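In: Sequence plus predicted model, see below.
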Amino acid sequence: MEMKRKKRLLFAAVDIGWRIEHYTEFLTKQFRNKLRVESFVKFKLPHVQKEASYTFEFNFYKYPKIVQWGLSFLFFIYALFRYDVFYFFSGETLLTYALRPFELRIYRLFGKKIIMHFVGADIRNSGYLFWLNHHFEEYLNGNKLEGAPTKHTTKQRKLVMLAERFADKVFVSTPDLLEFFSTKENVHWIPVFLHERKFLEELRSAKPYVFSDQKVRILFAPSNGPLKGADYVVSQVNKWSKNKTDIEFLNMLDEKWTRQMKPFPPYVLTHVDLLSYLQSVDIVIDQVLIGWYGLLAVESMYLNKVTICYIANDLKRFLSPTCPIISFEKDIMEALDKAYEIVKTKKDNDYQSFVLEYHTLEGSKWVDLMKEVIF
């Protein structure tokens, strides 16, 4: 009896949040006899920042534009005849932005399936967050935000329209991104997933920092300070802790904590260094501007750390009732007071069980949605 050819899926073309290796490993194990999964990235972070492996790795930025275009087109032709399903992150495909409509039409013409997965700044205007970083206190107080940039640029709107027109499924990593889509029929919020095996490997190589006293330590380690609300967070934590002698604020934007590290810009520290700090603190502040939490919060909760993040009122309907994140309404000091009390009472926190239930691929709706497209 003739064996049926395996379907072939390609993850591409940038790996924001290091999802590709995780998703590839998971799908390969789940559908070993029915699916072949491969990956391509046009840019790879150096190993010192984060270790990750892909089937095809091209750091295109090292080459002249004409060479980049040539390599991209050659790989596009190769991929067109090899893969049945294309899974694109952050709106980045195999060809250049100008050729994106042409590229997606060709996939459709050849009967290919397309999945597009957006993770934040790809369709959310960073300029808006930079502005909000300076006006977040006004936002919390309900003041009218005059002069704010739009949340969504013209270029980003075009990208969303392409996804709505050509993609079989669209995924977004935070629920605030849903508002940018005019149709919700094939648009789904998929939470950030923890690659537990890889996380535990990295954790073993990250030695916890040892402090000489028993102070309550608060960690703020944004991947990009202005995009995560650093102006507000740093000023408010400093005010709150000013007269508290048993508090130490580990602000990773302060070179005091990162001077000896060699991260890859714009990151302020490597992932292993982050895990060293994460194991040694009591409270972790994730981010405040987008109104939702990210991978840092997930990793923090997995380690049973008390975690603070601003959850916007209009997004709370997406939040599990068992989510242990401490949010706030008018001032982060509310959350800091609650977090401090939890730490001082030495409660045994089991936040890890929440992560294992809601932030792992096993049993997630993502798997069922993928089956609908692939098979």
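Out: Noted; the coordinates are in hand.

In: The residue nearest to Asn186 when sequence neighbours are not counted: neighbour count?
Out: Nearest residue to Asn186 in three dimensions, chain neighbours excluded: Lys169, at 5.4 Å (Cβ to Cβ, 6 or more residues apart in numbering). For glycine as for every other residue, the C-beta is placed from the backbone atoms N, C-alpha and C. Using other Cβ atoms under 10 Å, Lys169 is surrounded by 20 other residues.

In: List the beta-bridge partners for Lys169.
Out: Ile115 (DSSP bridges).

In: Might you report the residue contacts of it?
Out: Listed by Cβ atoms under 8 Å, 6 or more residues apart in numbering, the contact set of Lys169 reads Ile115, Met116, Asn186, His188, Leu369, Glu372, Val373.

In: Number of residues surrounding the second one?
Out: It stands for Met116. Met116 - counted by other Cβ under 10 Å - has 29 other residues nearby.

In: ok, and for the lowest-mean-pLDDT helix or strand in the chain, which residues are buried?
Out: Within the chain, no helix or strand scores below helix 255-258, which has a mean of 80 by mean pLDDT, DSSP states H and E. By neighbour count on 16 or more other Cβ atoms under 10 Å, the buried set for helix 255-258 is Trp257, Thr258.

In: Need the residues that contact that helix.
Out: Leu250, Asn251, Met252, Val268, Leu269, Asp273, Tyr277.

In: picking up where we left off before, restricted to buried residues, select the contacts of Lys169 in ChimeraX.
Out: Selection of the buried residues among the contacts of Lys169 in ChimeraX, burial being defined by 16+ other Cβ under 10 Å:
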select :115,116,186,369,373
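
In: re the thing from before, just the local confidence number for the residue nearest to Asn186, please.
Out: Predicted confidence (pLDDT) for Lys169: 98.

In: Out of the contacts of Lys169, which sit inside strands?
Out: Counted as lying in strands by DSSP state E, out of the contacts of Lys169, are Ile115, Met116, His188.

In: Spell out, range by range, the strands that occur in this protein.
Out: So, for the chain - with DSSP E - the strands run 7-12, 35-41, 56-57, 85-89, 113-118, 169-172, 187-189, 216-220, 247-251, 283-285, 306-308.

In: backbone phi and psi for Phe181, please?
Out: When quoted as degrees, to the nearest 10, the phi and psi of Phe181 stand at phi -110, psi 130.

In: Output the least confident helix or strand of the chain as CSV, nothing but the C-alphas.
Out: C-alpha atoms of helix 255-258 as CSV (Å, rounded to 0.1, in the frame of the first residue of the first chain):
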residue,chain,number,x,y,z
GLU,A,255,23.8,50.1,34.5
LYS,A,256,24.5,49.3,38.1
TRP,A,257,22.9,45.9,37.4
THR,A,258,24.0,45.2,33.8
